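Engineer: How does the following fold in three dimensions:
(2 chains)
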Amino acid sequence: MILGFRGNPRRFLDKLYEEKLPLQAFEIGTTFEDLFSLIDRISGLTCTEARGRELISSLRERIKFIEARIPRPGVGAKVFLTLYGQGQELWTCGQNSYLNYLLGRAGLQNVAADFKGHWLAYNPEKLIADNPDFILIMARNRQAFSQATNWLESLTALRAITAIKNKNFIFLDENLFSRFGPRLVDAYEWLIKAVYSASDSEAK
Amino acid sequence: MSSQRKPWLFPAILALLTVAALLLSVKIGAVRMSWQEVRAGLFFGGQYRDIILHLRLPRAILAYLVGASLALSGAILQGYFRNSLADPFILGVSSGASLGAVLSLEIGLTWTVFGFSSQSWLAFLTSLLLVATVYLISERRRLRQGESLLLTGIAAGAMASALTSFLLFRRADAYEQAVFWLLGSFSLSGWKEVWLIFPYFLLALIVSEYFATEMNLLALGDEVAQSLGCPVRATRRLFLFLATLLASFSVAVAGIIGFVGLIVPHSVRLIVGPDHRPLFFYSALTGGAMLVWCDLVARTAFSPSEIPIGVITAALGAPFFIYLLNWPGKKYS
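Structural biologist: So this is what the prediction gives:
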């Protein structure tokens, strides 16, 4: 059996279909419910329904536990999520991305939430106008994260942004946040812990 | 042609277009503001000071300098090869730069030196290295030097492109970021990029103007130029060095922006004629103005997202170029 994603080049998937290979292609979802139905489908196809159900239920429990930590859902800080190592662009997640869903669910306001698409190169002027409280940086490790913060701090044009002025940078482990799978729950936990402990320390 | 009857017309139109482009670049953007707010931001530190003084203004000036550098580089190389299809990237500058940029993604380099990313540095160095290699190889060939250089450049460029494609094929996830870089952008460009490119551009413009008469002699053929007292080999080396560095600096600060170096000198030659003295000067000024207009479109058409400027230069430049090629008033060969 071949499990494919719609993110794979279409011509590869078509070729596999043409060869009459047992291909199952899935859409990448945006919500936890999409993730659960994906796990459900894959467990059905691999005859591991019971383990699939078990995994879904444990993930649901964990989400409930994690969300208990959110102090005031829906009234969170304004955040800008960006990827580091993408040249001189401020790549961020738009309306149709699962990351936007995670931010919203965590009670945070993604400044790019109004813009369609998964990823977009955000206009720095717009970022200055949005003035986020936190900048979440997806980086492969702490060293890359520290390079990213140095780079952002070196940009004179962005110096007035609250997040930069107050050094409110949050490290997001790229390995957790860049895959749509069960590890998304780990990513969610990481996000909530990081943002709300930073908010708490800022409030103190 | 009209420029012969009204020599002031072209400079006047060019000056008007340049001033309009620069003013609009400072006025228009993702954040809307009035002329009063622009004036306040420029001179009195108003609400939008950072946006105007540290984003829009350096970006517009950098776009101007990159456009001017690419157009001057194109004009030099068209004269060098006596071929109006030559452009700044013909000797492999763009292929070398792409390879460097993608290599940086592949290795996962994320360091910054003097405010410039690893991608920019690697792109700059590989482009210079490739052209230097091309030059050294072509010097050893028995073909006429211009032809040898051109052919070696094309072959080396193809090899570098193949390597780039291979690396992108291996790292499908890096494709999107690489494409954006390869198509050029002025996003988040600041004064440091302006100060990096400005002294070299100015020097290259002065030197190329000073030696423009020698380039006119080279246009008659190496033997004729030699017999008229032109030091052919040294002049050729000098112009090749100037053109390559102009293109490499542009690539380092803004990525690869095609078409400007091809169409601008070609179009300007239709207006001012084949004499390299006005051609170098007006090509630089026209290239600068053109790129400021293109950048304005690139950052406002789909705001707040930006589109790569290379897309705009190609989309606007290609039809214009086709029109020029079929222009009935074309007088030079």
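
Engineer: Burial check on residue 159, number of neighbours?
Structural biologist: I went with chain A, as the question did not name one. Counted by other CB atoms under 10 Å in any protein chain shown, the residues lying close to A:Arg159 total 14. In this view, the C-beta of every residue, glycine as well, is placed from N, C-alpha and C.

Engineer: other chain: chain B
Structural biologist: Here the number of neighbours of B:Met159 (other CB under 10 Å) works out to 14.

Engineer: Look up phi and psi at the residue lying closest to B:Leu55 once chain neighbours are set aside.
Structural biologist: In space, B:Leu55 comes closest to A:Ala157 once its chain neighbours are excluded; the distance is 4.5 Å by CB to CB, 6 or more residues apart in numbering or on different chains. Dihedral angles of A:Ala157 (phi, psi; degrees, to the nearest 10) stand at phi -60, psi -30.

Engineer: Do me a favour and get the end-to-end distance for stretch A:176-185?
Structural biologist: 9 Å (CA to CA, to the nearest Å).

Engineer: Need the residues that contact that stretch.
Structural biologist: Residues from elsewhere that reach stretch A:176-185 (CB atoms under 8 Å, 6 or more residues apart in numbering or on different chains): A:28-29, A:32, A:35, A:38-39, A:55, A:59, A:62-63, A:66, A:98-99, A:102, A:138, A:175, A:186-187, A:190.

Engineer: mind listing which of these are in strands?
Structural biologist: A:Met138 (DSSP state E).

Engineer: picking up where we left off before, so what's the residue nearest to B:Leu55 scoring on pLDDT?
Structural biologist: What the model reports as pLDDT for A:Ala157 is 88.

Engineer: is it true that it touches B:Gly190?
Structural biologist: Yes. Applying CB atoms under 8 Å, one finds A:Ala157 in contact with B:Gly190, separated by 6.5 Å.

Engineer: Find the residue closest to whichever residue of the stretch 51-200 of chain B sits closest to chain A in space, skipping its chain neighbours.
Structural biologist: Nearest residue of the stretch 51-200 of chain B to chain A: B:His54, at 3.6 Å (CB to the nearest CB). Nearest non-adjacent residue to B:His54, counting by CB to CB, 6+ apart: A:Ala157, 3.6 Å away.

Engineer: if we look at stretch B:217-235, which residues are touching it?
Structural biologist: Applying CB under 8 Å, 6+ apart, the set of residues contacting stretch B:217-235 is B:Gly79, B:Tyr80, B:Arg82, B:Arg144, B:Phe211, B:Glu214, B:Met215, B:Arg236, B:Pro274, B:His276.

Engineer: What is the burial count for the residue nearest to B:Leu55?
Structural biologist: A count of nearby residues for A:Ala157, using other CB under 10 Å, gives 24.

Engineer: what's the helix or strand for the residue nearest the centre of chain B?
Structural biologist: Central residue of chain B (CA atoms, centre = their mean): B:Leu70, 2.0 Å from the mean position. Assigned by DSSP states H and E, B:Leu70 belongs to helix B:57-81.

Engineer: Quick one: mean pLDDT for that helix?
Structural biologist: So the average pLDDT for helix B:57-81 ends up being 94.

Engineer: List the residues that contact the residue lying closest to B:Phe186 once chain neighbours are set aside.
Structural biologist: Once flanking residues are discounted, B:Phe186 sits nearest to B:Arg59: 4.9 Å by CB to CB, 6+ apart. Contact analysis of B:Arg59 by CB under 8 Å, 6+ apart lists B:Ser25, B:Phe186, B:Ser189, B:Asp295.

Engineer: Turn these into CSV, including secondary structure and neighbour count.
Structural biologist: Shown next, in CSV, are the contacts of B:Arg59 (DSSP: H, G, I helix; E, B strand; the rest coil; neighbours: other CB atoms under 10 Å in any protein chain shown):
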residue, secondary structure, neighbour count
B:Ser25, helix, 22
B:Phe186, coil, 26
B:Ser189, coil, 23
B:Asp295, helix, 30
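
Engineer: What is the nearest of those residues to A:Asn168?
Structural biologist: Set against A:Asn168, the nearest of these by CB to CB is B:Ser189 (25.0 Å).

Engineer: That closest one and B:Leu62 touch, don't they?
Structural biologist: Yes. Between B:Ser189 and B:Leu62 there is a contact under CB under 8 Å: 4.8 Å.

Engineer: Between those two, which contacts overlap?
Structural biologist: B:Val253, B:Ala254.

Engineer: how about the strands in chain A?
Structural biologist: A:2-5, A:23-26, A:78-83, A:90-93, A:109-110, A:119-122, A:134-139, A:169-173.

Engineer: ok, B:Phe239 - how many residues close by?
Structural biologist: B:Phe239 is flanked by 24 other residues according to other CB under 10 Å.

Engineer: give me the low-pLDDT residue ranges for the chain?
Structural biologist: You didn't say which chain, so I picked chain A. Low-confidence segments of chain A, defined by pLDDT under 70: A:7, A:72-75, A:85-88, A:199-204.

Engineer: The intended chain is chain B.
Structural biologist: B:1-5, B:110, B:115, B:141-145, B:171-181, B:327-333.

Engineer: got the residues of chain A near chain B?
Structural biologist: Chain A has residues A:9, A:84-91, A:112, A:115, A:117, A:119-126, A:128-129, A:139-140, A:144, A:147-148, A:150-151, A:154-160 near chain B, with proximity defined as CB under 8 Å from any CB of the partner chain.

Engineer: List buried residues within those.
Structural biologist: With burial judged by 16 or more other CB atoms under 10 Å in any protein chain shown, the buried subset of the residues of chain A next to chain B is A:84-91, A:112, A:115, A:119-126, A:128-129, A:139, A:144, A:147-148, A:151, A:155, A:157-158.

Engineer: ok now do residue 99, which residues does it touch?
Structural biologist: By default, I'm working from chain A. A:Leu81, A:Cys93, A:Asn110, A:Phe177.

Engineer: if you could check chain B rather than the one you did, that'd help
Structural biologist: Contacts of B:Leu99 (CB under 8 Å, 6+ apart): B:Thr126, B:Leu130, B:Ala160, B:Ser161, B:Leu163, B:Thr164, B:Leu167.

Engineer: that older thread, was I right to think the residue nearest to the centre of chain B contacts B:Pro88?
Structural biologist: Yes. Shown here, B:Leu70 and B:Pro88 form a contact pair, counting by CB under 8 Å, at 5.4 Å.

Engineer: what sits in contact with each of the two?
Structural biologist: In contact with both B:Leu70 and B:Pro88: B:Leu246, B:Ala247, B:Ser250, B:Gly261, using CB under 8 Å, 6+ apart.

Engineer: tell me which element the second one falls in.
Structural biologist: Counting by DSSP H and E, the secondary-structure element that holds B:Ala247 is helix B:232-254.

Engineer: moving C-terminal of that helix, what's the next helix or strand?
Structural biologist: helix B:260-272.

Engineer: tell me the contacts of B:Leu42?
Structural biologist: B:Val26, B:Ile52, B:Leu53, B:Leu57.

Engineer: From A:Arg183, how far out is the residue nearest in space to the middle of chain A?
Structural biologist: The centre of chain A sits closest to A:Leu99, judged by CA atoms, centre = their mean, with a distance of 2.9 Å. Look at A:Leu99 and A:Arg183: by CB to CB, to the nearest Å, they are 13 Å apart.

Engineer: now B:Tyr200
Structural biologist: Distance from B:Tyr200 to A:Arg183, by CB to CB: 48 Å.

Engineer: for stretch B:257-266, which positions count as buried?
Structural biologist: Within stretch B:257-266, the residues that count as buried by 16+ other CB under 10 Å are B:Ile257, B:Gly258, B:Phe259, B:Val260, B:Gly261, B:Leu262, B:Ile263, B:Val264, B:Pro265, B:His266.

Engineer: Quick check: of those, which lies closest to B:Ile309?
Structural biologist: Ranked by distance to B:Ile309 (CB to CB), those are led by B:Ile257 at 5.7 Å.

Engineer: Next, give phi and psi for the closest one.
Structural biologist: With angles defined as degrees, to the nearest 10, B:Ile257 sits at phi -120, psi 110.
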